[in-house]
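[1] Predicted model follows, preceded by the sequence.
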Amino acid sequence: MLPEETLDVLRQKITITDHPRELAVEVMFALQKHYGYLNDEAVQEGAGLLNLSPLEIEELATFYDFIYRRPVGKYCIHVCDGTVCWMFNHQSVLDYISQKLDIPLGGTTEDGCFTLLPVGCIGYCDQAPAMLINGNLYGPLTPEAIDAVLKELRDKQPPQKEDR
Amino acid sequence: MASQQPLILQKPLDQTLSLKEYRRLGGYEALNKVLKAYTPQQVVQTVMDSGLRGLGGAGFPTGRKWSFIKKEAPFPRYIIANTDEMEPGTYKDRLLIQHNPQALIEGLIIGGFAASAEKGYIFIRPAYEQGARILEKALEEARQAGLLGKNILGSSYSLDLVLHRSAGRYICGEAKGLVHALEGKRPHPNIEGHLAGEGLWGQPTIVNNTETLSYVPSILNNGPEWFQNLARSNTAAGHKIYSVSGRVRRPGCVELPFGTPLCEIIEDQAGGMQPGYEYKTCLPGGASTRFLPKQHYAIEMDFDSLARLGHGHRFGTGSIIVFDHKTCLVGAALNLIQFFARESCGFCTPCREGLPYLRDLLRRIEEGDGKDEDLPALKSMAGHLSHAYCAFAPGAAAPVLSLVEDFREEIQEHIAQKGCPFRQDFQDGQENSH
Ligand code: SF4
Ligand code: FES
């Protein structure tokens, strides 16, 4: 269950919005933030809140890039594989992080801190190669820059409130 | 020549203009004027006369789009800013909202007034979370100042603006897909029915690109002729934010008159090519435009000049991705198709099946298993994508078609050499790149 406080805010919004379904993504994000990912319980809970069927939530959850239906780390590292980042060797960024964290692409570190995922252009092309972690953009990436970010995040536990 | 004075991008670009600063630059004077002295029809007419066109890629005249909402259309009506740009190479809207969020908000209110909308949305992609926070703050500032909400600036017009965070999918950038996403449905496009008649919740709706809306206040401030005359070419109007990326010295966004020659943007603004690299080609308008052959290096960057080249050349979003002589275009096309195949919404067969087919062909060629018959196969399959349901698939095919038609020798070299002729150079270059 979501904490009462979060539930209150969501219920309040749902009551004053003409079409509560409009809040589907917001509700999924709130659930994901609480559970770490959108687990089955969260799907049920979201459906209940919005008066939708669990299947309708599932349809959305599996469509979107930033809703995770399987467990992920506290920080999702989305390395851009768009054309500009490709030109600036995004593959070496993926390889470096993968080796540094000892996880394959798609994997999560044992301590549950990081997950490594690819993503299409994140709109930071002037800073290619670039990556996105919990709403923050990083680039241009060099081994030193990557080391600094990973260290900063590992030291910062738990993630700050506004992080998603 | 027209004024070089920037309209929506002020220096320094890496700072956010507060409401106070925006007002000092003349911000919200246009809204004040509109609410005091204009009818919605007059606003529509002014924007129509200015020649402003949609800057999200399609280039549809903005005033005409607004005029589709007739006086007698039902209520409620909606206006939506599309801040979902997800195309590789396109990032002007990120810069815009981080630098000048109030220009977008004022543009939305004026557009909302023109459509008599009572609610508006800013639809923003998750990668722009930093921008979303800036917008949240800017919306609050505007609300506090009586620029949003009930009876704006003491007038009888009221508008509520909502920031809507998306969970990220390319197809949300397509207007009808975006409307579905806002409604909490799967964001498939649906080309039947016009948004002006049946948009959000079946009601009249306008969806505009973020940059387009941001130019609206300056048009109302200075008049339509003034805006027309800003452009350097005769058939275009106003300014444009060009974003430049790739192998140039100073990649970034720059606001210039429409019709500025490509070579000037690349050389004067982006500092030319990085040392040791020669210009080969560019995608002039983002990932769903054609590679531009070298002989067009001096082309005037506007909708009509690109369209005049024929063969499906398009201005798109004016987001210039520059490729150098060491970068493999087969590899680039493969990367682009991989992106589009992943982002296809999967609704119709030509796109869902055709893109992975193209991807596999390109991958084979790039990896040295290409055959002569792959060339016509690439061309015909890319051509078939025009039979898809929405504009996404033919857009995805554009770089592949231009590869086959204008850079055929690169494919042939791959096939003849049984491998990528650029690989070594390319890897050396990548190692030296930063
Ligand atoms: S062309 Fe692609 S994106 Fe458009 S409807 Fe068909 S599958 Fe969906
Ligand atoms: S291509 Fe990587 S940020 Fe745009």
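    On my side now, so go ahead. Ligands and ions are numbered 1, 2, ... in the order given.

[2] Helix or strand for the nearest residue to A:H34 once chain neighbours are set aside, just tell me which one.
    When the adjacent residues along the chain are set aside, A:H34 lies closest to A:L2, with 5.4 Å between them (Cβ to Cβ, 6 or more residues apart in numbering or on different chains). All C-beta atoms are positioned from the backbone trio N, CA, C, and that covers glycine. Applying DSSP states H and E as the criterion places A:L2 outside every helix and strand.

[3] need the contact list for A:L2.
    In this structure, A:L2 makes contact with A:10, A:30-31, A:34, A:45, judged by Cβ atoms under 8 Å, 6 or more residues apart in numbering or on different chains.

[4] Would you point out which residue is most central in chain B?
    To find the centre residue of chain B, average its C-alpha atoms and take the closest one (Cα atoms, centre = their mean): that gives B:G56, at 3.2 Å.

[5] Let's verify that one: helix, strand, or coil?
    When states are read from DSSP: H, G, I helix; E, B strand; the rest coil, the local structure at B:G56 comes out as coil.

[6] Okay, now the unreliable bits of chain A?
    When residues are selected by pLDDT under 70, those of chain A lie in A:157-164.

[7] Show me the strands in it, by range?
    In order along the chain, chain A carries the following strands (DSSP state E): A:75-80, A:114-119, A:131-133, A:136-138.

[8] Give me the helices and strands touching the second one, please.
    This points to strand A:114-119. Helices and strands in packing contact with strand A:114-119 are listed as strand A:75-80, helix A:90-101; criterion 3 or more Cβ pairs under 8 Å, 6 or more residues apart in numbering or on different chains; DSSP states H and E.

[9] what's the most buried one of these?
    Across the helices and strands packed on strand A:114-119, the average number of neighbours (mean count of other Cβ atoms under 10 Å in any protein chain shown) peaks for strand A:75-80, which reaches a mean of 25.

[10] Burial check on B:S67, number of neighbours?
    Using other Cβ atoms under 10 Å in any protein chain shown, B:S67 has 17 other residues around it.

[11] quick one: it from B:N82, how far?
    From B:S67 over to B:N82 the distance is 19 Å, taken as Cβ to Cβ, to the nearest Å.

[12] now A:I146
    Distance, A:I146 to B:N82, by Cβ to Cβ: 33 Å.

[13] Between those two, tell me which one has more neighbours.
    Between A:I146 and B:N82, counted using other Cβ under 10 Å, B:N82 has the larger neighbour count: 25 against 19.

[14] To which secondary structure element is the more buried one assigned?
    Judged by DSSP H and E, B:N82 forms part of strand B:78-83.

[15] again, but for B:L35
    B:L35 belongs to helix B:29-37 when elements are defined using DSSP H and E.

[16] for chain B, longest helix please?
    Longest among the helix segments of chain B by residue count, using DSSP state H, is helix B:349-366.

[17] Can you point out the buried residues in the helix or strand that comes right after that helix?
    Next helix or strand after helix B:349-366 toward the C-terminus (DSSP H and E): helix B:374-384. Within helix B:374-384, the residues that qualify as buried are B:374-375, B:378-379, B:381-382, B:384, counting by 16 or more other Cβ atoms under 10 Å in any protein chain shown.

[18] Now do the contacts for whatever residue of chain A ends up closest to ligand 2.
    The minimum distance from chain A to ligand 2, using Cβ to the nearest ligand atom, falls at A:G82 (2.6 Å). With Cβ under 8 Å, 6+ apart as the criterion, the residues that contact A:G82 are A:90, A:120-122, A:125, A:128, B:88-89, B:287, B:335, B:339.

[19] Spell out which residues sit in contact with the closest residue to ligand 1 within chain A, please.
    Ranking the residues of chain A by distance to ligand 1 (Cβ to the nearest ligand atom) places A:F63 first, at 11.5 Å. Contact analysis of A:F63 by Cβ under 8 Å, 6+ apart lists B:169, B:186-187.

[20] which one among these gets closest to B:D268?
    Of all those, the one sitting nearest B:D268 is B:R169; the distance, using Cβ to Cβ, is 36.7 Å.

[21] count of residues packed around B:I110?
    Other residues lying near B:I110 total 28 when counted by other Cβ under 10 Å.

[22] Can you tell me the SS state at the residue in chain B positioned nearest to ligand 2?
    Shortest chain B-to-ligand 2 distance, computed as Cβ to the nearest ligand atom: residue-wise this is B:P88, at 4.5 Å. Using three-state DSSP, the three-state assignment for B:P88 comes out as coil.

[23] Next up, the contacts around it.
    Counting by Cβ under 8 Å, 6+ apart, B:P88 touches A:82-84, A:120-121, A:125, B:286-287, B:321, B:336, B:339.

[24] per-residue pLDDT, it?
    In the prediction, the pLDDT value recorded for B:P88 is 95.

[25] Same check on B:D406?
    We have a pLDDT of 96 for B:D406.

[26] Can you give me the neighbour number for the nearest residue to it once chain neighbours are set aside?
    Spatially, and ignoring its direct neighbours in sequence, B:D406 is nearest to B:P293 (5.0 Å; Cβ to Cβ, 6+ apart). The local packing of B:P293 (other Cβ under 10 Å) involves 16 other residues.

[27] same question, B:M48
    17.

[28] Verify the stated contact: it with B:P61.
    Yes. The criterion here is Cβ atoms under 8 Å, and B:M48 meets it with B:P61 at 6.9 Å.
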